[in-house]
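>>> Can you look at this prediction? I've put the sequence above it.
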Amino acid sequence: MIKPPRICPCDEKVAHGELCTCQRTAKQQRNQRHDANRETAARRGYGHEWRKARAEFLIAHPYCRECTKHGVTRMATVVDHVIPHRGDKGLFWHRANWQPLCEPCHNSVKQRMERAR
């Protein structure tokens, strides 16, 4: 069943599940403001050593943990910190705090869970 389009507050007709131009622009500006206040990935610990450890972890744990819970087999592409490390290097490198996720699960399910905390 195809869901009907919706009307954006700017009065533009938008297909279901899509963002209109004004919403895409607002999202892009929000992301730019957020990124301007963040340190680089390397300064946050995601440099060469992390990429190497990440690759090894994904070889050992190739499937998304969240998808597997729902009976779906999907390759993991992200190593997620179960408990957000917030700069704590001990927690950052503690492998028991790592879980394999696919990008859609990391960018939706996991982010939603962290915002709820």
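Sure thing, it's come through. Numbering: from 1, shown residues only.

>>> Please pull out the lowest mean pLDDT helix or strand from this structure.
helix 111-116 (a mean of 68; mean pLDDT, DSSP states H and E).

>>> Tell me where the model's unsure across this structure.
41, 110, 112-117 (pLDDT under 70).

>>> report the longest helix in it, please.
helix 21-36 (DSSP state H).

>>> chain center to it, what's the gap?
Here the centre of helix 21-36 is set off from its chain's centre by 16 Å, with C-alpha atoms, centre = their mean, to the nearest Å.

>>> Pro84 sits in which helix or strand?
Using DSSP states H and E, Pro84 sits within no helix or strand.

>>> can you give me the end-to-end distance of stretch 87-96?
17 Å (C-alpha to C-alpha, to the nearest Å).

>>> Check which residues of that stretch are buried.
Neighbour-count burial for stretch 87-96 flags Phe92 (criterion: 16 or more other C-beta atoms under 10 Å). Backbone N, C-alpha and C define where each C-beta goes, glycine included.

>>> quick one, domains of the protein?
Following automatic domain parsing, one gets these domains for the chain: 6-36, 48-116.

>>> tell me the most buried of those?
Burial of the domains of the chain is given as mean neighbour count (mean count of other C-beta atoms under 10 Å); domain 48-116 ranks first at a mean of 14.

>>> Show me how far that domain is from its chain's centre.
With C-alpha atoms, centre = their mean, you get 9 Å for domain 48-116.

>>> related to what we said a few turns ago, run through who's touching the longest helix of the chain.
8-10, 12, 19 (C-beta atoms under 8 Å, 6 or more residues apart in numbering).
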